[in-house]
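> Fold the following and give me the result.
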Amino acid sequence: MRHLRGNLATIVVTVLVLAVLGVVAGYVWWALAPATRYVLIDGVPHPADPESQSLIEADGWFAVVTGGFGLVSGIVGYVLSRTRPVEVLVGLAAGGLLAGYVAMLVGGRAEGEVQAAGPGGYTMTSSLGLTAYGVLFAWPLVATAVFWVVEFAVTYNQRRR
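Next up, the predicted model:
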């Protein structure tokens, strides 16, 4: 029973640490991603420039930021996982998914503001949001992949000796 508690504690601690890092990632994403401008016509928001790529850029920046955090957390997780590698790997997968979700929520909390009135309506800048929800998997995918790549490289060198 004590062994089971240790395994669960390792998973829970890993998930909680990554969830806190998700808050940091959300603020980094908010700082880097471009804001999308909308025109309010009769209270309904319409993109100010339908040709704008800012929605796609926001998704791309989210993938870059969470992928970078996944890279670092995968390496740190491997270094710290000498006694419980499977539990840390499970924590990286679950915690990375939670951290990505937290980053999406935190980055999307930035409120938009009305900037000016134009002939077509009021122009405003919106808060961030994701249009491609598949990028939520960037953090856990990169973290677990890096963990396995480092594990393979280390064990491969040990077998060659």
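> Regarding the chain, what is its longest helix?
For the chain, the helix with the greatest residue count under DSSP state H is helix 2-32.
> Quick one: name whatever helix or strand follows that helix.
Per DSSP states H and E, the first helix or strand lying C-terminal to helix 2-32 is strand 37-41.
> Report the strands that pair with that following strand, each with its relative direction.
Within its sheet, strand 37-41 is paired with strand 44-47 (antiparallel), strand 121-125 (antiparallel), according to DSSP bridges.
> Quick one: find the helix or strand in this protein with the lowest mean pLDDT.
Sorting the helices and strands of the chain by mean pLDDT, DSSP states H and E puts strand 113-118 at the bottom, at a mean of 54.
> pLDDT weak spots in the chain?
Applying pLDDT under 70 to the chain flags the ranges 1-2, 40, 43, 45-52, 110-127.
> Check which residues of whichever strand or helix holds Ala58 are buried.
Ala58 belongs to helix 54-80 when assigned by DSSP H and E. Buried residues in helix 54-80, counting neighbours by 16 or more other Cβ atoms under 10 Å, are found at 54-55, 58-59, 61-67, 69-71, 73-74, 76-78. For glycine as for every other residue, the C-beta is placed from the backbone atoms N, C-alpha and C.
> again with stretch 82-94
84, 87-94.
> Turn the residues you listed into CSV, columns for distance to Gly134 and secondary structure.
CSV is the format used below for those (distance: Cβ to Cβ, whole Å; DSSP: H, G, I helix; E, B strand; the rest coil):
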residue, distance to Gly134, secondary structure
Arg84, 30, coil
Glu87, 27, helix
Val88, 25, helix
Leu89, 22, helix
Val90, 22, helix
Gly91, 22, helix
Leu92, 19, helix
Ala93, 16, helix
Ala94, 18, helix
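> Tabulate these (JSON lines), appending distance to Val150.
As requested, those are exported to JSON lines (distance: Cβ to Cβ, whole Å):
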{"residue": "Arg84", "distance to Val150": "16"}
{"residue": "Glu87", "distance to Val150": "16"}
{"residue": "Val88", "distance to Val150": "12"}
{"residue": "Leu89", "distance to Val150": "11"}
{"residue": "Val90", "distance to Val150": "17"}
{"residue": "Gly91", "distance to Val150": "16"}
{"residue": "Leu92", "distance to Val150": "12"}
{"residue": "Ala93", "distance to Val150": "15"}
{"residue": "Ala94", "distance to Val150": "19"}
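> that older thread, quick one: list the elements packing against the helix holding Ala58.
Using 3 or more Cβ pairs under 8 Å, 6 or more residues apart in numbering; DSSP states H and E as the contact test, the elements touching helix 54-80 are helix 2-32, helix 85-107, helix 138-160.
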